[in-house]
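Chemist: A structural model of the following input is requested.
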Amino acid sequence: MITVKERTKEIGIRRAIGATPKSIRQQIVLESVFLTTVAGMLGIIFGSFILFIIDTAFGQGEDAALVNPTVDIPIILIAFATLIVLGTLIGLIPAHMATVVKPIEALREE
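Modeler: The predicted model follows:
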């Protein structure tokens with residue numbers, strides 16, 4: 001929603017020069033999917049790094065608190081797919097708001 005609000009003037013200009021609502025909707029949804037995909041990949045990398053640190057710190061020795069903490073690959077893939085689906089669905093709301101804006105009103109707004 002913030003993206004659409006900040007870029008109202010840009011969306012208005014694109015609509016005024018002939019961009020279809022479908023192309024604007026597609027741009028907003030693709031941006032949303034891209035951001036959620038990048039965030040998901042960084043989360044997986046960061047999470048595996050944290051598990052490695054936990055294993056190194058607490059998984060060694062005879063009185064190990066955690067022995068080889070892991071997450072199965074199918075669980076990671078399901079979480080990643082869910083993240084992408086939800087990112088797409090959540091991106092549809094601002095995309096719809098962007099297509100509703102009239103070009104004249106968007107250009108008039110500051």
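Chemist: so what's the residue nearest to the spatial centre of the chain up against?
Modeler: A centroid search over the chain (C-alpha atoms, centre = their mean) returns residue 36, at 1.9 Å, as the residue closest to the centre. Residue 36 makes contacts with 83-84, 86-88, as judged by C-beta atoms under 8 Å, 6 or more residues apart in numbering. From N, CA and C alone the C-beta is placed, and that goes for glycine too.
Chemist: can you rerun that using 10 Å?
Modeler: Residue 36 makes contact with 80, 83-88, 90-91 under the criterion C-beta atoms under 10 Å, 6 or more residues apart in numbering.
Chemist: Please convert these to a markdown table, extending it with neighbour count.
Modeler: Formatted as a markdown table, those follow (neighbours: other C-beta atoms under 10 Å):
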| residue | neighbour count |
| --- | --- |
| 80 | 16 |
| 83 | 18 |
| 84 | 15 |
| 85 | 12 |
| 86 | 12 |
| 87 | 19 |
| 88 | 15 |
| 90 | 15 |
| 91 | 21 |
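Chemist: Can I get the residues you listed in JSON lines including secondary structure and distance to residue 28?
Modeler: Output for these, formatted as JSON lines (DSSP: H, G, I helix; E, B strand; the rest coil; distance: C-beta to C-beta, whole Å):
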{"residue": "80", "secondary structure": "helix", "distance to residue 28": "22"}
{"residue": "83", "secondary structure": "helix", "distance to residue 28": "18"}
{"residue": "84", "secondary structure": "helix", "distance to residue 28": "16"}
{"residue": "85", "secondary structure": "helix", "distance to residue 28": "16"}
{"residue": "86", "secondary structure": "helix", "distance to residue 28": "15"}
{"residue": "87", "secondary structure": "helix", "distance to residue 28": "12"}
{"residue": "88", "secondary structure": "helix", "distance to residue 28": "11"}
{"residue": "90", "secondary structure": "helix", "distance to residue 28": "11"}
{"residue": "91", "secondary structure": "helix", "distance to residue 28": "6"}
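Chemist: Appreciated, that's everything.
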